[in-house]
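A.B. asks: how would this look folded up:
(2 chains)
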Amino acid sequence: MKVLLSKNEIFAKVKKLIAEVLNINEEIITENSRIIADLGAESLDIVTLLMEFEDAFNMKIPDDEAEELLTVADVIDYILVKVEDKAPA
Amino acid sequence: MNRRVVITGTGIISSIGLNTKDFWNKCLSGKSNIHEIPEHWNKYANFNTKIWSPLPEIDFNSHNINRIELKKSDKTSLLALSTVQEALKSSNFEIKQENEKNNTYKVKGIDSARAGVYIGTGIGGVSTLGECFANQMLFKNHEELDRIIKTAEKENYDQGFVKTLIDLKGKMIFPLRFNPFAVSMIMANSPAANIAIKYNINGVNNTFCAACASGTVAIGNAFNSIKNNLHDIAITGGVEYFYDEYGALFYSFDVLKTLAQNIFDKEKANRPFDRDRSGFLYSEGGCGIIIMEDMEHALKRNAPIIAEVIGYAETCDGYNIMVLDGQNDNIPRMIYTALKNSGIEADKIDYINTHGTGTLVNDQIESRVIENIFGKRPLINSTKSILGHTLGASGAIETVVTALSIKNKTTHISKNLDNPIRDLNFVLKSGNFEIKYALTQSFGFGGHNACLVLKEYN
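C.D. replies: Here you go, the predicted model:
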């Protein structure tokens, strides 16, 4: 049986990590938030966030794929696919 | 005019105590922390020595360090930052968070442009370097081996062969992720830089690399900068962290046969200046930090003054990369220069905190030089006889011991000294001692010799 994280669970976890790394209130983070333009992440924040996402969801995010993760929704969708790929059948 | 320089705060993290008070109490009671080396290290090498002194678990979160900083910092920086926090607090500084996101602090009462950071470390972020190499070398090979094992199991290969592959896979220890902050973790200047970042210190920021003399050299340079009016205050000391999952760092000393052997029971193996010494007790790491200050600056803010630093000198043997030079006068010249800088004669020195590693050559030369210059009068001990050797941190930790010995008019024993190699005034029982002037010295691989002269504050 597949045990997957729901989209809402992933969003909640991602939101918490972004809020912690950027030191911002979770409430201002929406799925449409652009991580750099709207939430104010700087280049080293992005490195930290990628490290946090990798650790939290036990996955590896290659550099070329990381460049595509511009919004919170991009991150959630990316993790959804990755988590599904890894889940036992 | 040269200014007077005082010590107003201390911090210690060590295998025998995670703050100055615990450390000092352990020193006075002569309690070491000696354990067998981690069992799994024996899979990778045949060690001559089987004992070491590991650090207890440290709660870094209680030292103004958050979860993310823990992942982005080498242990040397974490040890240094934690120890600095204790030192600043003990020096009566109020620390206030200034930037919540970066988790940085402001030290009230410090003019940040007139404050410096002087830190010694022998090898810096070598522990992180080892982890990075392990990840780079093993991550893909581990995956490949995993595939081979699955195939072998599926196709009913010989069970002994499969077990060998599984054992091999089990020996591959590595972090699952290559740390993206590796560069800033490995670099030796990281602890000093992180101290400046964490506490907003904008004066000279220097890292001193002189092997086992690193801490003493750092403190000596901080002393000179305050004496010569470059700074009013300095955060100074030494830090080292020497653990890796394979025991390779331990083995690098073990293979040279420089480590204390289990010739007696493990509590008796470490015995500097004893006839039956066999090397030093390897410590996993540690940090010693001193808040050093212009005396007027300290008095103005009613800081607690522990002791005064009155002299410093360093020389280099220019002789051998690992062996102390016992023939030439570079160590005596260092001592005489430090005494001259201090404005005192050798007969004023009441106590000498030795380098005292417990290695054959070191103790022989050091004890001979001490007798030649100071005779048999001064109290002599080796902090390493209790703590073991923290390499680049040792000189700083021993400077703290020297300052506390002066302030508290007592000092610790030189442990396991049953048959001294020389008839000196070794401390065999802790008690009340009148210590007005003291000297602490360190010698590092590379021929680095450094010593500080401290005085009772009055």
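
A.B. asks: switch to C-alpha atoms for all contacts and neighbour counts from now on
C.D. replies: OK.

A.B. asks: got the residue ranges for the helices in the chain?
C.D. replies: By default, I'm working from chain A. A:7-22, A:43-57, A:63-66, A:72-86 (DSSP state H).

A.B. asks: hmm, no, I was thinking of chain B.
C.D. replies: Counting by DSSP H, the helices of chain B are B:20-29, B:67-72, B:75-90, B:126-154, B:159-170, B:182-186, B:190-199, B:214-227, B:248-254, B:295-300, B:330-342, B:360-374, B:384-387, B:394-408.

A.B. asks: packing partners for the fifth one?
C.D. replies: Helix B:159-170 makes packing contacts with helix B:126-154 when contacts are defined by 3 or more C-alpha pairs under 8 Å, 6 or more residues apart in numbering or on different chains; DSSP states H and E.

A.B. asks: for the helix it packs on, what is the average pLDDT?
C.D. replies: Helix B:126-154 comes out with an average pLDDT of 97.

A.B. asks: what sits against B:P56?
C.D. replies: When contacts are counted by C-alpha atoms under 8 Å, 6 or more residues apart in numbering or on different chains, B:P56 touches B:15, B:18.

A.B. asks: likewise B:F181?
C.D. replies: Contacts were defined as C-alpha under 8 Å, 6+ apart; by that measure B:F181 touches B:72-73.

A.B. asks: so what pLDDT did it get?
C.D. replies: So B:F181 comes in at 97 (pLDDT).

A.B. asks: hmm, back to that, may I see the helices of chain B arranged in a markdown table, with distance to A:I46 and mean neighbour count as well?
C.D. replies: Shown next, in a markdown table, are the helices of chain B (distance: least, C-alpha to C-alpha, whole Å; neighbours: other C-alpha atoms under 10 Å in any protein chain shown):
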| stretch | distance to A:I46 | mean neighbour count |
| --- | --- | --- |
| helix B:20-29 | 39 | 18 |
| helix B:67-72 | 13 | 15 |
| helix B:75-90 | 22 | 25 |
| helix B:126-154 | 20 | 16 |
| helix B:159-170 | 33 | 13 |
| helix B:182-186 | 15 | 20 |
| helix B:190-199 | 20 | 23 |
| helix B:214-227 | 35 | 28 |
| helix B:248-254 | 33 | 17 |
| helix B:295-300 | 43 | 16 |
| helix B:330-342 | 51 | 20 |
| helix B:360-374 | 50 | 18 |
| helix B:384-387 | 42 | 28 |
| helix B:394-408 | 38 | 27 |
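
A.B. asks: burial check on A:N8, number of neighbours?
C.D. replies: Using other C-alpha atoms under 10 Å in any protein chain shown, A:N8 is surrounded by 10 other residues.

A.B. asks: I meant B:D423, not that one.
C.D. replies: By the measure other C-alpha under 10 Å, the count of residues near B:D423 is 12.

A.B. asks: separation between it and chain A?
C.D. replies: 59 Å (C-alpha to the nearest C-alpha, to the nearest Å).

A.B. asks: quick check: the gap between the spatially most central residue of chain B and B:L168.
C.D. replies: Central residue of chain B (C-alpha atoms, centre = their mean): B:A393, 1.5 Å from the mean position. The gap separating B:A393 from B:L168 is 36 Å, by C-alpha to C-alpha, to the nearest Å.

A.B. asks: picking up where we left off before, is it true that the residue nearest to the centre of chain B touches B:I219?
C.D. replies: No: using C-alpha atoms under 8 Å, B:A393 is not in contact with B:I219; the gap is 11.0 Å.

A.B. asks: shared neighbours of these two, which are they?
C.D. replies: In contact with both B:A393 and B:I219: B:G237, using C-alpha under 8 Å, 6+ apart.

A.B. asks: quick one on the thing from earlier: who touches the residue nearest to the centre of chain B in this structure?
C.D. replies: B:A393 neighbours (C-alpha under 8 Å, 6+ apart): B:120-122, B:212, B:214-215, B:237-240, B:285-288.

A.B. asks: so, low pLDDT: which residues of chain B?
C.D. replies: B:1, B:263 (pLDDT under 70).

A.B. asks: what does it put close to chain A?
C.D. replies: Counting by C-alpha under 8 Å from any C-alpha of the partner chain, the residues of chain B close to chain A are B:68, B:100-101, B:177, B:179-180.

A.B. asks: how far away is B:T411 from B:I365?
C.D. replies: Per C-alpha to C-alpha, B:T411 is found 23 Å from B:I365.

A.B. asks: I meant to write B:F426 there.
C.D. replies: B:F426 sits at a distance of 16 Å from B:I365 (criterion: C-alpha to C-alpha).

A.B. asks: ok, B:L387 next?
C.D. replies: Taken as C-alpha to C-alpha, the span from B:L387 to B:I365 is 21 Å.

A.B. asks: contacts only, for the residue nearest to B:T315 when sequence neighbours are not counted.
C.D. replies: Spatial nearest neighbour of B:T315, excluding adjacent residues (C-alpha to C-alpha, 6 or more residues apart in numbering or on different chains): B:N449 at 5.2 Å. Counting by C-alpha under 8 Å, 6+ apart, B:N449 makes contact with B:213, B:314-317, B:330-331, B:334, B:441-443.

A.B. asks: surely B:I321 meets B:G444?
C.D. replies: No: judged on C-alpha under 8 Å, B:I321 makes no contact with B:G444 at a distance of 9.1 Å.

A.B. asks: who has more neighbours out of the two?
C.D. replies: B:G444 (24 against 12).

A.B. asks: give me the beta-bridge partners of that one?
C.D. replies: Counting by DSSP bridges, B:G444 is bridged to B:H448.

A.B. asks: in chain A, which residue sits nearest chain B?
C.D. replies: Among the residues of chain A, A:N23 lies closest to chain B, at 5.0 Å counting by C-alpha to the nearest C-alpha.

A.B. asks: from A:N8, how far out is the most centrally placed residue in chain A?
C.D. replies: The centroid of chain A falls nearest to A:V75 when counting by C-alpha atoms, centre = their mean (4.1 Å). Separation of A:V75 from A:N8 (C-alpha to C-alpha): 13 Å.

A.B. asks: enumerate the residues of chain A near chain B.
C.D. replies: So chain A meets chain B at A:21-23, A:47, A:51, A:60 (C-alpha under 8 Å from any C-alpha).

A.B. asks: kindly reformat the residues you listed as a markdown table containing neighbour count.
C.D. replies: Formatted as a markdown table, these follow (neighbours: other C-alpha atoms under 10 Å in any protein chain shown):
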| residue | neighbour count |
| --- | --- |
| A:V21 | 18 |
| A:L22 | 20 |
| A:N23 | 16 |
| A:V47 | 15 |
| A:M51 | 22 |
| A:K60 | 15 |
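
A.B. asks: what's the neighbour count on the closest residue in space to B:S112 that isn't next to it in sequence?
C.D. replies: Distances taken as C-alpha to C-alpha, 6+ apart place B:I201 nearest to B:S112, at 4.7 Å, with adjacent residues excluded. When neighbours are counted by other C-alpha under 10 Å, B:I201 registers 25.

A.B. asks: flag the shaky bits of chain A, pLDDT-wise.
C.D. replies: Residue ranges of chain A with pLDDT under 70: A:1-3, A:86-89.
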